[in-house]
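In: how would this look folded up:
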Amino acid sequence: MKKNRRLSYVIIALVAVIVAVNIWNTTAKKERAEEARSKEAAAIENIPGTKITSLDVGTKAPDFKLGTMTGEKVKLSDYRGKKVILNFWATWCPPCKAEMPHMESFYKANKDKGITILAVNLTSMDKGQEEVQKFITDNGITFPILLDETGMIGTKYQAFTIPTSYIIDTKGIIQKKMVGPMDENTMKGFTDGIN
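Out: Reported below is the predicted structural model:
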């Protein structure tokens, strides 16, 4: 009887040790996984251009400075006081090509009404400046085309799918984000209701 009782205590002690070891292993695994995620996040944060900014409606649009086809440098903040359609595109993108005539027509009808279009070509992902110039000429584009030669601005503005457009009010605040092509009615609807 004493042997059975001792055996029972030994079994209970072994079960307790096994449970404790399993709990400790699970906790240790979670801590290691969390530490690995933190290190990965820190590593990504230190790569130039990968810091994801908050681009929610109601937040200030991050300022930037890019060159034009003529070599002039343009800042987004230069357009403060105007409504801006900030568009990200590439020459090889079929939806981008489809929206360009609508953008050109909208720009011509509204450029004297305090509305402009800044079309940022994702040059680092495109076929080069000659192809961009050919596209501009072939399509009769007259609104400003900016060149994102490093890809930093496209990343900052989360233009992972193109075309991506932001509607920015006269104070530099994001009012709308649109992923996909727009037509004139869409642009009119987005810009009519903002200051």
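In: can you tell me what sits against stretch 110-118?
Out: Residues lying outside stretch 110-118 but in contact with it, judged by C-beta atoms under 8 Å, 6 or more residues apart in numbering, are 74, 76, 79, 81-87, 103, 106-107, 143-144, 146, 170, 191. C-betas here are computed from N, CA, C, even on glycine.
In: please repeat the previous calculation with a cut-off of 10 Å.
Out: Contact with stretch 110-118 is made by 64, 66, 68, 74, 76, 78-79, 81-88, 103-104, 106-107, 109, 141-146, 165-168, 170, 184, 187-188, 191-192, 194-195, as judged by C-beta atoms under 10 Å, 6 or more residues apart in numbering.
In: buried ones in that stretch?
Out: Going by neighbour count (16 or more other C-beta atoms under 10 Å), the buried part of stretch 110-118 is 110, 115-118.
In: and it, how far from the chain's centre?
Out: Chain-centre distance of stretch 110-118: 24 Å, with C-alpha atoms, centre = their mean, to the nearest Å.
In: centre-most residue in the chain?
Out: For the chain, the residue lying nearest the average C-alpha position, counting by C-alpha atoms, centre = their mean, turns out to be residue 158 (0.7 Å).
In: can you tell me the closest non-neighbouring residue to that one?
Out: The shortest distance from residue 158 to any residue other than its chain neighbours is 6.1 Å, reached at residue 55 (C-beta to C-beta, 6 or more residues apart in numbering).
In: was I right to think the one you found contacts residue 156?
Out: Yes - contact status for residue 55 versus residue 156: in contact at 8.4 Å, counting by C-beta atoms under 10 Å.
In: find residues that contact each of the two.
Out: Common neighbours of residue 55 and residue 156, counting by C-beta under 10 Å, 6+ apart, are residue 62.
In: buried subset of the contacts of stretch 110-118 as a ChimeraX selection?
Out: Provided next is the ChimeraX selection string for whichever of the contacts of stretch 110-118 are buried by 16+ other C-beta under 10 Å:
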select :64,66,74,76,79,83,84,85,86,87,88,103,104,106,107,141,143,144,145,146,165,166,167,168,184,187,191
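In: cross-reference the contacts of stretch 110-118 with the strands and report the matches.
Out: Judged by DSSP state E, the contacts of stretch 110-118 include 66, 68, 74, 83-88, 145-146, 165-168 as members of strands.
In: closest to residue 175 out of those residues?
Out: Each of these was scored against residue 175 by C-beta to C-beta, and residue 167 proved nearest at 4.8 Å.
In: would you confirm that that closest one contacts residue 188?
Out: No - using C-beta under 10 Å as the test, residue 167 is too far from residue 188 to be in contact (11.1 Å).
In: for these two, list the residues in contact with both.
Out: By the contact definition C-beta under 10 Å, 6+ apart, residue 167 and residue 188 are jointly contacted by 115, 182.
In: beta partners for residue 85?
Out: In this structure, residue 85 has the following beta-bridge partners (DSSP bridges): residue 117, residue 167.
In: need the contact list for it.
Out: Going by C-beta under 10 Å, 6+ apart, the list of residues near residue 85 reads 103, 106-107, 110, 115-119, 143, 165-168, 176, 178, 182, 187, 190-191.
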